[in-house]
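Peer 1: A structural model of the following input is requested.
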Amino acid sequence: MSEALLDDRGLSKLRWRCRRGLLENDLFIERFFDRHASTLTVAQAEALGALMDLADNDLLDLLLRRKDPEGELDRDEVRKVLALLRVPRAAAPEFGH
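Peer 2: Predicted structure coming up:
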């Protein structure tokens, strides 16, 4: 059985909630939405929402792997969303002659 996808209204609310004060966090989050917005599940949205409850510096520590999720955040779905958030930007294509 597949997980329910997040609807457009839910996605819009989540995007608004994910606005951060640190540019570094915004870059991770923007890249995440660029890649996964159309396939985001309700469970992933809930996990991302839990991450958004963190202070900016605590979120950045998780994104940069300075810390691991602890307590309430130490669950499978949060770790999966963190892995998606951490995927680096693809290398720029080489321009040849």
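
Peer 1: Counting neighbours, what do you get for residue 25?
Peer 2: 22 (other Cβ atoms under 10 Å). Heads up, the C-betas are built off the backbone N, CA and C, glycines and all.

Peer 1: buried ones in the helix or strand it falls within?
Peer 2: Taking DSSP states H and E as the criterion, residue 25 maps to helix 23-36. Neighbour-count burial for helix 23-36 flags 25, 28, 29, 31, 32, 36 (criterion: 16 or more other Cβ atoms under 10 Å).

Peer 1: residues near the closest residue to residue 41 other than its chain neighbours, how many?
Peer 2: Nearest non-adjacent residue to residue 41, counting by Cβ to Cβ, 6 or more residues apart in numbering: residue 3, 4.0 Å away. Neighbourhood size, residue 3 [other Cβ under 10 Å]: 12.

Peer 1: and residue 3, what is it in contact with?
Peer 2: Residues in contact with residue 3 (Cβ atoms under 8 Å, 6 or more residues apart in numbering) are 41, 42, 43, 44.

Peer 1: circling back to that earlier point, let's have the buried residues of helix 23-36 in TSV, adding pLDDT and distance to residue 75.
Peer 2: Output for the buried residues of helix 23-36, formatted as TSV (pLDDT from 0 to 100; distance: Cβ to Cβ, whole Å):
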residue	pLDDT	distance to residue 75
25	96	21
28	96	20
29	96	20
31	95	23
32	96	18
36	95	19
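
Peer 1: Low-confidence stretches in this structure?
Peer 2: Within the chain, the stretches with pLDDT under 70 are 1-2, 90-97.

Peer 1: if you set the cut-off to 50 instead, what comes out?
Peer 2: The chain contains residues with pLDDT under 50 at 1, 91-93, 95-97.

Peer 1: Which parts of it are helices?
Peer 2: 8-17, 23-36, 42-52, 56-63, 76-86 (DSSP state H).
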